[in-house]
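# Sharing a model prediction with you, sequence too.
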Amino acid sequence: MVASAAVMTHRPEGLRRQAPTEDWQARAWEFFDTVGELRFGVQWKANGMSRVNLIAARVPEHLGDEPDEILPPPAGEALPPAEAAALDLVAAMAGGPSGQGQMLAHLATLLSVPGIGYILMEPAMVATGAVIDITPPPLNGDEAEAERGPEPDETWIWQVLSPDELRAERGVYEVQCGIGEWRELHEDFVLVKVWNPHPRYSWQPDSPCRAVTTVLTQISLLDAHVSATAQSRLAGAGLLVLPAEAEFVPLPSTAPADADESEPTEDDFVDILVTAMTVPIGDRASAAAVVPLTVRIPGEYADKVQHIKFWSDFSEALLPLREAAVERLALGLDMPPEALTGVADVNHWTAWQVQESAVTLHIEPMAETIVHASTMGYLRPALRAMGFGAEADRLLVWYDTTDLTTRPDRSDDTMAAYDRVEASGAALRREAGLSEADAPDDAEVRRRILVEIAKAQPLLTTQLLRAVGIDIVTPPGEAGEGAWPIPPPGAPDQPADGPPEQPANGEASAVMLEACDALVHRALERAGTRLRSSAARKLAGGTTAIVCDDPARLHVELQGVTGFASIDHLLANAWTRVPDVAVRLGLDPEALTVTLDTYTRALLATGHAHDTDRLADALGLSVHA
């Protein structure tokens, strides 16, 4: 492995007073301060790194596996001592999650610009400008017997430093705390150097800015040209070259009132030109800012007039050149080019792919560099100092990018799948952003089912819901005001909009059952024929994959009917004969149609076979054929 982190020794003898800054690093910082596109690209990555969470993890056993996160144990259980210590140490890094986010963002900026940074850890009693004396004052007399206050806080302060903020002076490290102000590090400091190793010379830092300095120079030059052109245009609208015979329009005199007009002056052309050029600079509302200097001239001299501009035609090519330079910069930086140039040309799904690849290809590699430095320079030395030996080498600091991965909105698709009984309630709540605590209880489910049944005017109630494993009969003692308890099968009193009233004798009931049986069988045959056609288009092998010869039983053999076609489509125009049959039997056509349709829909949705006993229960008949 190529090292990307190193723990700095406490006695830096032989080191230079200050880490040398290479020319490309100095230029990179200059461009970072002056080129907005570079600042945006670096800040984009820093913002992404600030959303990364640091976690304690176990080293994977097999190459290619992800480290196993160490989670807090359940109540009453305990982790192995080394893992518990690692969990606490990682949680304490940089003061907690908020400090860790700032630390990661700062390191991302340093690794993206100069390619190198330092993590400094010192005891909390170290102030920004000086070391505070934490030695308790000597006590004497009665004070010696008094209880001393609490021991000094052992919390550590974390800082991220650039190479320009650290130097070695007189055999010790010093950190810059102001312009020209340096302070010596605390004797118990921990200093870790983090850098992107150059592919050729691994001890040298590298960053994306190193390869795009030429492009950044072009952007700066183009910006400078735009500024110069804009400033030149402020001088006026141009210059008119006229023959000597031209007569200038007189301008108001600017000479002092007591001036001697008989004294010789410069050429009138120079005075007038200077006035015409300086007036627009001081007053942009002046007409001279847009109107060129004019003269009266005889017609024979008109072709001698020339208009000279103070800007070049190169300005017309500035915009394409700037756009091309920004595109090159986007390709050279370690980030998705779309993030810098915009994602106007991508749709919802490809935008998700861009974001997912940004985390995988740009954020996670930098996170691995930082967590490697944190493991080698902080976690494992701390564990060894606590007395853990081989256990320390099996633990590491790792990263979690869950907060960066924003999944696409699939709530509409999940809701459609839920309506087709192809997704669970848990899946629907997950995609809608709800928790399992939002799931309805049994009483709420029962109430809502009753409301939906009442809206559709079903007449199957108990039998239908029992077929799908739901019993909504109101339990004894739960019926209150407004409740609608559903009577069990065979109850003498049916609701007013319940099943058709039974004929008075068993023979008439048998006739009614036979007629309805034929109607249901005919509807199932029509549904089976349509189902075979729809399923053949989706199953491998087409119609040869469907072995059922009876269309009325195809919904039983081919489970998951709604995955091939909607029930509305399967039962379209299936009940055109019901009104005629209902009139002959002396029944309400609408009520009979609703009863048969609901019963058949239940069969298709649940995959149950039709039989006369089920149909009799649905019709509320007390006799069965």
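Okay, I see it.
# Quick check: what element follows the helix or strand of the chain with the lowest mean pLDDT along the chain?
Lowest by mean pLDDT, DSSP states H and E among the helices and strands of the chain is helix 461-467, with a mean of 51. Following helix 461-467 in sequence order, the next helix or strand is helix 506-536 (DSSP states H and E).
# domain assignment for the protein?
Following automatic domain parsing, the chain resolves into domains at 5-132+152-212+338-404, 236-255+265-309, 411-439, 457-619.
# Give me the buried positions along the third one.
Spelled out, it's domain 411-439. Using 16 or more other CB atoms under 10 Å as the test for burial, domain 411-439 gives 414, 417-418, 423, 428-431. C-beta here means a position set from N, CA and C on the backbone, and glycine is covered the same way.
# so of the residues you listed, which ones are in helices?
Of the buried residues of domain 411-439, the ones assigned to helices by DSSP state H are 414, 417-418, 428-431.
# Around A94, count how many other residues there are.
By other CB atoms under 10 Å, the residues close to A94 number 22.
# and if you look at G95?
Counted with other CB under 10 Å, G95 comes out at 16.
# do the same with P114
Neighbour tally, P114, other CB under 10 Å: 27.
# next one: A317
The number of residues near A317, taken as other CB under 10 Å, comes to 11.
# Check the one 3 residues further on too.
Residue neighbour count, defined by other CB under 10 Å, stands at 9 for P320.
# where does it land in three-state SS?
Under DSSP: H, G, I helix; E, B strand; the rest coil, the three-state class of P320 is helix.
# do Y118 as well
strand.
# Direction-wise, compare the helix or strand containing D597 with helix 506-536 and give the angle.
Using DSSP H and E, D597 maps to helix 589-606. Relative orientation of helix 589-606 versus helix 506-536 (axes from the mean of the first three to the mean of the last three CA atoms, to 10 degrees): 50 degrees.
# And G115, its phi and psi?
phi 80, psi 10 (degrees, to the nearest 10).
# related to what we said a few turns ago, from the ones in helices among the buried residues of domain 411-439, which two are the most distant?
The largest separation in those, counting by CB to CB, is between A417 and R429 at 13.2 Å.
# pLDDT weak spots in the stretch 501-625 of the chain?
501-506, 541-543, 622-625 (pLDDT under 70).
# redo that, cut-off 80
501-509, 536-549, 559-560, 620-625 (pLDDT under 80).
# Tell me where the stretch 301-450 of the chain has strands.
306-308, 395-400 (DSSP state E, counting those that start in this stretch).
# Of the ones you listed, which is nearest E327?
Using CB to CB, the nearest of those to E327 is strand 395-400, at 30.7 Å.
# What residues of that closest one count as buried?
395-399.
# what do you get for stretch 597-612?
Buried residues in stretch 597-612 (16+ other CB under 10 Å): 597-606, 610, 612.
# I'd like to know which of the domains of the chain has the weakest mean confidence.
Mean pLDDT values for the domains of the chain show the minimum at domain 236-255+265-309, a mean of 65.
# Assign E187 to helix, strand or coil.
Per three-state DSSP, E187 ends up coil.
# any idea how far P365 is from P280?
Separation of P365 from P280 (CB to CB, to the nearest Å): 54 Å.
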